[in-house]
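*Asks:* Dropping a prediction and its sequence here:
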Amino acid sequence: MDTGILIERLPKVELHVHIEGTLEPEQLFAFARRNGVSVRYPDVEALRAAYRFHDLQSFLDLYYEGCAVLLAEQDFYELTLAYLRRAAAQGVVHTELFFDPQSHTHRGVAFATVFDGISRALAEGERSLGITSRLILCFLRHLDEADAFDTLRQAEPYLDRIVAVGLDSSEVGHPPSKFERVFAAAREHGLLTVAHAGEEGPPEYIREALDLLKVSRIDHGVRCLEDDALVERLVAERMPLTVCPLSNVRLGGFAEMRDHPLKRLLDRGLCATVNSDDPAYFGGYMTENFTATQAALGLTADDILTLGRNAIEAAFLDADARERLLARVAQSAA
Ligand code: HPA
Ligand SMILES: [Zn+2]
């Protein structure tokens, strides 16, 4: 089958998307106007032109600045629903979203405001778009352990609607070991765990995420390829990697898409998946990530189906839901 048609028809599962990273410039300006927040760029074009990043930190600086326009529950609701509409239009049938409560509570926005807006949109998305979802609370790793513990405490009333905790923000210098105790506390609450590791940080951070944080998935993980023994372990444990190709190129991890290791990860037998990360900032959602990697790396129809099945295997879904999605993948290739 033609790979373009397959990419379009594939029922997609997204496992690595930061809801704050879906804030498109148009919506950013609309929220700014509504909330009386000033933006230091004159218009959408000027803001978009500033999205030229050379590393993770240069992106994070703008990403946190963008968060300043999010103040009311309705902002989080509209942000999330707009993402779900775009995702559904691209054939995403299930999505597992990260949110960064500390990016908001540190500005005086209540945890409940953030959570209620996002979760109201997720319920609406399931009702009106048929898109299922899970929510993952990410701790900002540049902040300290006590702040993460405080955030976990604020999340306690909502834990029945949070599937896992994760770890994001500036990686280098903030190893997983810094959060070993708060992740243990989260697991005691019955939460699963994931962590960004091996995006900019060394393979050793991936090992720490496995051994100390007991993660069910590694977010990014592309630097595992520098360590053969680690690759063998990830293959043997069938540990999923939520890879974000456009993000990796935009943040300078790889100079061009043709240098991206997605195909090598698959060929090594790793459970790699394709994801959008911060689609409003990196030039595309799921379809654009599939299309760009297919074109640059020559992914075959089999590769694309493997990526689709890997994401279903890696999703935080029960066995029945997985079987139903796998059947839809098979149908899409028929
Ligand atoms: O790609 C990312 N990496 C780390 N932290 C993040 N926070 C939002 N996006 C990212
Ligand atoms: Zn990410």
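*Replies:* Looks like it came in fine. Numbers count the residues shown, from 1 in each chain. Ligands and ions are numbered 1, 2, ... in the order given.

*Asks:* Just after the longest helix along the chain, pick out the following helix or strand.
*Replies:* Of all segments of type helix in the chain, defined using DSSP state H, the longest is helix 111-129. Elements were assigned by DSSP states H and E; along the chain past helix 111-129, the next helix or strand is strand 132-140.

*Asks:* Compute the inter-axis angle for that next one and helix 111-129.
*Replies:* Regarding strand 132-140 and helix 111-129, their directions subtend 150 degrees when assessed with axes from the mean of the first three to the mean of the last three CA atoms, to 10 degrees.

*Asks:* what packs against strand 132-140?
*Replies:* Using 3 or more CB pairs under 8 Å, 6 or more residues apart in numbering; DSSP states H and E as the contact criterion, the elements in contact with strand 132-140 are strand 92-99, helix 102-105, helix 111-129, helix 145-155, strand 164-168. (C-beta placed from N, C-alpha, C; glycine too.)

*Asks:* ok, and the closest non-adjacent residue to the closest residue to ligand 1 within the chain?
*Replies:* For the chain, the residue positioned closest to ligand 1 under CB to the nearest ligand atom is residue 168, at a distance of 3.5 Å. With CB to CB, 6 or more residues apart in numbering as the criterion, residue 168 has its nearest non-adjacent residue at 4.4 Å, and that residue is residue 138.

*Asks:* residue ranges of the strands in the stretch 151-300 of the chain, please?
*Replies:* 164-168, 192-197, 217-220, 240-243, 271-274 (DSSP state E, counting those that start in this stretch).

*Asks:* avg pLDDT for the third one?
*Replies:* So that's strand 217-220. Mean pLDDT, taken over the full extent of strand 217-220, equals 98.

*Asks:* The second one now?
*Replies:* Within the predicted structure, the mean pLDDT of strand 192-197 is 99.

*Asks:* could you point out where the stretch 51-200 of the chain is predicted with low confidence?
*Replies:* Counting by pLDDT under 70, the stretch 51-200 of the chain contains no low-confidence range.

*Asks:* and it, which of its residues are near ligand 1?
*Replies:* Taking CB under 6 Å from any ligand atom as the measure of proximity, the stretch 51-200 of the chain contacts ligand 1 at 56, 63, 168-169, 196, 199.

*Asks:* on that earlier part again, list the contacts for the residue of the chain closest to ligand 1?
*Replies:* Neighbouring residues of residue 168 by CB atoms under 8 Å, 6 or more residues apart in numbering: 18, 98, 100, 138-141, 196, 219.

*Asks:* mind running it again at 7 Å?
*Replies:* By CB atoms under 7 Å, 6 or more residues apart in numbering, the residues touching residue 168 are 18, 98, 100, 138, 140-141, 196.

*Asks:* Of the helices and strands packed on strand 132-140, flag the one that's most buried.
*Replies:* For the helices and strands packed on strand 132-140, the stretch with the most neighbours on average is strand 164-168, a mean of 26; neighbours defined as mean count of other CB atoms under 10 Å.

*Asks:* Starting from that strand, tell me which strands it pairs with and how they run.
*Replies:* Note on strand 164-168: by DSSP bridges, its sheet partners are strand 132-140 (parallel), strand 192-197 (parallel).

*Asks:* Kindly export that strand (C-alpha atoms) in CSV.
*Replies:* Extracted C-alpha coordinates of strand 164-168, given in CSV (Å, rounded to 0.1, in the frame of the first residue of the first chain):
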residue,chain,number,x,y,z
ALA,A,164,0.9,8.3,35.7
VAL,A,165,3.5,10.8,36.7
GLY,A,166,6.3,11.9,34.3
LEU,A,167,9.4,14.1,34.4
ASP,A,168,10.1,16.9,31.9
